[in-house]
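Novice: quick one: sequence and predicted model below, then my questions.
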Amino acid sequence: MVHTSLDVVDEKISAMGKALVDQRELYLGLLYPTEDHKVYPSYLLCRYGYVTNSKVKFVMVVDSSNTALRDNEIRSMFRKLHSSYTDVMCNPFYNPGDRIQSRAFDSMVTSMMVQVC
Amino acid sequence: MSLCVLEGMGFRVGQALGERLPQETLAFREELDVLKFLCKDLWVAVFQKQMDSLRTNHQGTYVLQDNSFPLLIRMASGLQYLEEAPKFLTFTCGLLRGTLSTLGIKSLVTASVASLPTCKFQVVIQKT
């Protein structure tokens, strides 16, 4: 599921590159909604993408039966994610490419998810 | 202390800075923008001054020149200590390489000193 989202993210990035638009935002917006037939009852899932300058991609999957999250809220969630990720990167004991095991990062993500549900 | 270790440390710091510094800026449009970012934002953040000149052959080689490099300024002025100077630049080479690496560019960075405190950093982009 996440892999198909990553394909869409790559498409969007290359499309943006060719368009030579001034809009070089990091936030990519809604990728695409799908129905997930594996889960019963079927949920409509929305995926949002965000790419950093260092080509790190964040994908957020949101169940849209949830009261529709406003665009602004999604953007601010991504900004918080980006900022926590940067903190993890700056930790000299963290090797880039490893699984992130930072407690601060995990608690930030958990608190974000709790806020939304 | 081995020079490789020093360069490696610079690399790791560069990686972190490459993540932290461009955080609020928009995505870089092309390679030259990244080099300009190095000369302006990175240099100011680390050395409180901008790089003095950036030259390129437009084929993947860039020469960044600093006419009064802060790490060399207190050492000497002119040709004294010319042999020892490059050792003090290793960390900075790693720093440049690390930042470039986070921003998606693989490179090889070397430094040369013709006369203190002026030094040049040569960045050669590695095409994969």
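Specialist: That came through fine.

Novice: in the chain, which helix or strand is least confident?
Specialist: This is for chain A. One helix or strand of chain A scores below all others by mean pLDDT, DSSP states H and E: strand A:27-36, with a mean of 48.

Novice: right idea, wrong chain: chain B
Specialist: Least-confident helix or strand in chain B using mean pLDDT, DSSP H and E: helix B:70-73, a mean of 86.

Novice: which one is the spatially most central residue of chain B nearest to, not counting chain neighbours?
Specialist: Nearest to the geometric centre of chain B sits B:L96, at 4.0 Å (C-alpha atoms, centre = their mean). Among residues not flanking B:L96 along the chain, B:V109 sits closest, at 4.8 Å (C-beta to C-beta, 6 or more residues apart in numbering or on different chains). Where you see a C-beta, it was placed from the backbone N, CA and C, and this is true even at glycine.

Novice: picking up where we left off before, which other residues reach the least confident helix or strand of chain B?
Specialist: B:F47, B:Q48, B:K49, B:A85, B:F88, B:L89, B:T92, B:V113, B:L116, B:P117, B:C119 (C-beta atoms under 8 Å, 6 or more residues apart in numbering or on different chains).

Novice: output the below-cut-off pLDDT ranges for chain A.
Specialist: A:1-49, A:61-69, A:117 (pLDDT under 70).

Novice: so what does the longest helix along it touch, helix or strand wise?
Specialist: Secondary structure of chain A per DSSP state H: the longest helix is helix A:71-90. Contacts defined by 3 or more C-beta pairs under 8 Å, 6 or more residues apart in numbering or on different chains; DSSP states H and E place helix A:71-90 against strand A:27-36, strand A:43-51, strand A:57-63, helix A:103-116, helix B:3-20.
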